[in-house]
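Novice: One predicted model, sequence on top.
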Amino acid sequence: MGKTVTEKILQEHLVDGNFDREGIIGIKIDQTLTQDATGTMAYLQFEEMGVSRVKTDLSVSYVDHNTLQTDFRNADDHRYLKSIAAKYGLYFSRPGNGICHQIHLERFSAPGKTLLGSDSHTPTSGGIGMIAIGAGGLDVAAAMAGEPFYLKTPKIVKVELIGKLRSFVSAKDIILKILRRIDVKGAVNKILEYSGPGVKTLSVPERGTITNMGTETGATTSIFPSDEVTKKFLEAQGRAEVWRELKSDSDAEYDQIIKINLDELVPLIALPHSPGNVKFVSEVAGIKIDQVCIGSCTNSSLRDLKMVSQILKGNTIDESIDLTISPGSRQVVDHLIKSGEMDYLVEAGARILENTCGPCIGMGQAPPTDAITIRTFNRNFLGRSGTQSAKIYLVSPETAAVSAIHGEITDPQKCEGKVEINIPDTFIINDNLIVPPLQEEHDISIIRGPNIKSLPSFPPLEETLVGTVLLKVGDNITTDHIMPAGAKILPLRSNIPAISEYVFNAVDPRFSERARKKNGGFIVGGENYGQGSSREHAAIAPKYLGIKAVIAKSFARIHLDNLVNFGIVPLTFKNQSDYEKIEQNDSLEIDLSSFNTGEAKILNRTKKSELIAVHSLDDRSIEILVAGGKLPYIRNKQK
Ligand code: MIC
Ligand code: SF4
């Protein structure tokens, strides 16, 4: 039987298990990336692993999320990260260089390699033909220490693209179309592999937009083949030597097929508060808007900003809106300046922000009360903009730019003619904001600021867990609900006691106080609990507050791993209707004596009833849980 691109790469990297599409496999990781919001914690954990230098081929530490530096805390984190990179042999991408995923695609990605990143949008590099997976910081730290990465063997979905996009329809509309079909948990434990004649019509950054936002389907990752278009992109980046061709065999077998005809695609929009709530732009056209934000790792490439610039050229943004633009990388800025296209943006009235995540993660530019904000980003979860009452709509750069001119949601296909953009054959290469690793080990001291607190240690798992249900929530609870980000909370990422005060802040501001009073307890969740970000703080901080288990209808992949890594037991209801049998404030006793067989008995002391919960963890994950988390598990192994 022939092979898919996914199988070819995974098999080349297989170090544990069989690739039978059922069990768990361990793969070798060639490259890692971290960003500052998850990186500090990841390196604090890496430091405990007793390794003198990273064991990957290449590891990069980016600073892009948290660059407001409203006080010493962010700046101290940056200095810590820089000293870690110097000591352990990593590349360090300085603040101002750009968003990790955009830069990784431009400067480090390589077809056929594996990449593990402590950020859920790491799959962006799948656009070049890598297996690029997002994970919790601890898993990335372990990969840097040379450990394999373990994952459920993914099902492989063929996304067959035929035809060619029309004017004013772009890559963002392709991924929105997929989200419209399969929603935010349609690809959990699956890999979306693109193929078909439409692939060659898309440039690498456009492919990156699609693989980036594939994360919102719950997919383990998304991948494109590596073809002539990939080769040209790498040549233009001065990195032709890393190119290799990668395509699926003609008789490769897939678990599922999704067909998309690009000719028929029209501009789409994700309505509040879920990236899966997708409608045609034409259905909501005319809604007045207050803010337009262009950028983020989804839509900040040279192609995207050139398009925006050409649309805005000679126009002025409507007086009712604010328009912000955050370019993806310094390379993009260099080009826009040299080509004069930056002028069109500025002249139209755009506010040009730093090359960072910025408004995407609520680092500034919070919209006004009840505002309608349209963004080219990938997430529109409630409160993520920094304004709880605001409504976020997700669109393509074309829709954003045209709407900015009209002051209302506008279908860009209403524009006459065609907008031409010219992508250069060679990109401006200036890596002076990337500090390369030192060739040899040096005696470098790690600089820790006062806000950098070491990771609290947690005891081994008990056989019976007793406590109260502190919170019962519904479906699709995101890590932004569990552990919010934003300008106020992000600076606390390296201080678990301080950040734990904000757990579930948007759902119940008294949650952490209640958890502390009760000495911890349980959380009950619906479907897809923990979707969204890879932030392990959404597991560590609840653990710190004494959360012992989460019982849900189902879990998002990365969050499930994070719970295990920090010793919180993830259980699912054997009968989904049992969700109704537990209420907030019920007192539970969970018997884990038959946990190894995949079951746990839950005694609801308040309702005087019993029910069975299940899990599908492999033996290794069970051992990690029993040890109290992955760090104690690794330490026990080293003894
Ligand atoms: C996000 O988009 O939510 C983030 C911020 O990039 C996160 C990582 C984090 O929480 O630090 C992600 O997606 O993994
Ligand atoms: Fe940054 Fe937003 Fe991308 Fe997350 S989704 S990496 S916050 S730009």
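Specialist: Perfect, thanks for sending it. Numbering: from 1, shown residues only. Ligands and ions are numbered 1, 2, ... in the order given.
Novice: Please count neighbours and contacts with C-alpha atoms only from this point.
Specialist: Fine.
Novice: Please tell me how far the residue of the stretch 351-500 of the chain found nearest ligand 1 sits from residue 145.
Specialist: For the stretch 351-500 of the chain and ligand 1, the shortest gap (Cα to the nearest ligand atom) falls at residue 361, measuring 5.8 Å. Per Cα to Cα, to the nearest Å, residue 361 is found 29 Å from residue 145.
Novice: circling back to that earlier point, tell me which residues touch the residue of the stretch 351-500 of the chain closest to ligand 1, please.
Specialist: The contact partners of residue 361, by Cα atoms under 8 Å, 6 or more residues apart in numbering, come to 65, 384, 385, 485, 486.
Novice: Tell me which helix or strand residue 506 sits in.
Specialist: Counting by DSSP states H and E, no helix or strand carries residue 506.
Novice: Report how many residues lie close to it.
Specialist: By the criterion of other Cα atoms under 10 Å, residue 506 has 17 neighbours.
Novice: Verify the contact between it and residue 477 for me.
Specialist: No - between residue 506 and residue 477 there is no contact under Cα atoms under 8 Å: 11.4 Å.
Novice: other SSEs contacting the helix or strand containing residue 499?
Specialist: Remark: residue 499 resides in helix 496-499, with elements defined by DSSP H and E. Helices and strands touching helix 496-499, by 3 or more Cα pairs under 8 Å, 6 or more residues apart in numbering; DSSP states H and E, are helix 537-544.
Novice: quick one: contacts of the helix it packs on?
Specialist: Residues contacting helix 537-544 (Cα under 8 Å, 6+ apart): 456, 479, 482-483, 493, 496-497, 499-500, 503, 559, 562-563, 566-568.
Novice: So is that helix next to ligand 1?
Specialist: No - against ligand 1, helix 537-544 shows no contacts by Cα under 6 Å from any ligand atom, the least distance being 7.9 Å.
Novice: Closest one of the contacts of helix 537-544 to ligand 2?
Specialist: Taking Cα to the nearest ligand atom as the measure, residue 479 is the one of those closest to ligand 2, at 12.0 Å.
Novice: measure the closest one to residue 203 for me?
Specialist: Distance, residue 479 to residue 203, using Cα to Cα: 32 Å.
Novice: Looking at those two, which one has more neighbours?
Specialist: Neighbour count, other Cα under 10 Å: between residue 479 and residue 203, residue 479 has more, with 25 against 18.
Novice: Look up how far residue 133 lies from that one.
Specialist: 17 Å.
Novice: For the stretch 301-450 of the chain, list the residues in contact with ligand 2, please.
Specialist: 357, 360, 361.
Novice: how far does stretch 289-299 sit from the chain's center?
Specialist: 17 Å (Cα atoms, centre = their mean, to the nearest Å).
Novice: Export only the CA atoms of it, formatted as CSV.
Specialist: C-alpha atoms of stretch 289-299 as CSV (Å, rounded to 0.1, in the frame of the first residue of the first chain):
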residue,chain,number,x,y,z
ILE,A,289,-17.9,47.8,13.1
ASP,A,290,-15.7,49.6,15.6
GLN,A,291,-12.3,48.1,15.1
VAL,A,292,-10.4,46.1,12.4
CYS,A,293,-7.2,44.3,13.4
ILE,A,294,-5.0,42.8,10.8
GLY,A,295,-2.1,40.5,11.6
SER,A,296,-1.4,37.4,13.9
CYS,A,297,0.3,34.2,13.0
THR,A,298,-2.6,33.4,10.7
ASN,A,299,-2.6,36.4,8.3
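Novice: and it, is it in reach of ligand 1?
Specialist: No - using Cα under 6 Å from any ligand atom, stretch 289-299 stays clear of ligand 1, with a minimum separation of 8.8 Å.
Novice: Which element is encountered next along the chain beyond the longest helix that the chain contains?
Specialist: Looking across the chain with DSSP state H, the single longest helix is helix 72-88. On the C-terminal side of helix 72-88, the closest following helix or strand by DSSP H and E is strand 91-93.
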